[in-house]
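Asks: Kindly return the folded structure for what I paste below:
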Amino acid sequence: MPLKAIAGNTTRPTTDKVKESIFNMIGPFFDGGTALDLFAGSGGLGIESLSRGAERAIFIEKDAKAFQVLQENIKKCRYEEHTELFRIDAKRAVKALLKRDITFSLVFLDPPYHQKEYYDLVQLLVDNEKIQQNGIILCEHAKEITLPQSFGEFVLKRQETYGGTIISVYRCTEEEGE
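Replies: Residues are numbered from 1 along each chain as shown. As a prediction, the model looks like this:
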């Protein structure tokens, strides 16, 4: 089902080709779990994870126009009962999530390009054990941004380039017995 796009240039939606490649990299289906879609935009990645078996998804989006489109897309896909949406800055959202009794099986991080400081949020989630041992961290970033080889026990396992976009996939080393 096609999702509504966000008008204007305040966000940079993940293309369908890249989205398909992402889910080919991390697995076509999920056995429950909770996804966290930071900088959610129209919600494409989190919604796709729900359609592939994630039980719940939490969406974080600060931009008012993007948030409205996100709400419409969740409703269109009939995922209201499986989602939480927050119109808040990602840094504040992560600090609030740290206080909750919740862990994530899948974390999508697709911040505005050239804003590397947002990747510190991943480290904060890892340090506070908010990502399950079998979880996946997926970062979408510009070629010019160099991410670390690991966030704690989560090690860079795969990286693919699509034009000016890089997809980096991190998994826990303990998961594979390394």
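
Asks: Taking the centroid of the chain, which residue is nearest it?
Replies: F108 (1.3 Å; CA atoms, centre = their mean).

Asks: May I have the secondary structure class of that one?
Replies: strand (DSSP: H, G, I helix; E, B strand; the rest coil).

Asks: So what pairs up with it in the strands?
Replies: D37, L138 (DSSP bridges).

Asks: Would you confirm that it contacts G44?
Replies: No: using CB atoms under 8 Å, F108 is not in contact with G44; the gap is 9.3 Å. No exception for glycine: its C-beta is placed from N, CA and C like everyone else's.

Asks: Just give me the longest helix of this protein.
Replies: Determined from DSSP state H, the single longest helix within the chain is helix 64-76.

Asks: Now that one: average pLDDT?
Replies: What helix 64-76 shows for mean pLDDT is 95.

Asks: By neighbour count, which bits of the next helix-or-strand element following that helix are buried? Give me those.
Replies: Per DSSP states H and E, the first helix or strand lying C-terminal to helix 64-76 is strand 83-86. Neighbour-count burial for strand 83-86 flags 83, 85-86 (criterion: 16 or more other CB atoms under 10 Å).

Asks: Report the distance from strand 83-86 to the chain centre.
Replies: 13 Å (CA atoms, centre = their mean, to the nearest Å).

Asks: State the mean pLDDT of that strand.
Replies: On average, strand 83-86 scores 97.

Asks: residues in contact with S150?
Replies: 156, 170, 173 (CB atoms under 8 Å, 6 or more residues apart in numbering).

Asks: Now with 7 Å, please.
Replies: L156 (CB atoms under 7 Å, 6 or more residues apart in numbering).

Asks: Next one: it from Q123, what distance?
Replies: 10 Å (CB to CB, to the nearest Å).

Asks: what's the neighbour count on E55?
Replies: 14 (other CB atoms under 10 Å).

Asks: scratch that, H82
Replies: The number of residues near H82, taken as other CB under 10 Å, comes to 17.

Asks: Would you mind confirming that it is in contact with S51?
Replies: No: the pair H82 / S51 is not scored as a contact, 10.4 Å apart, by CB atoms under 7 Å.
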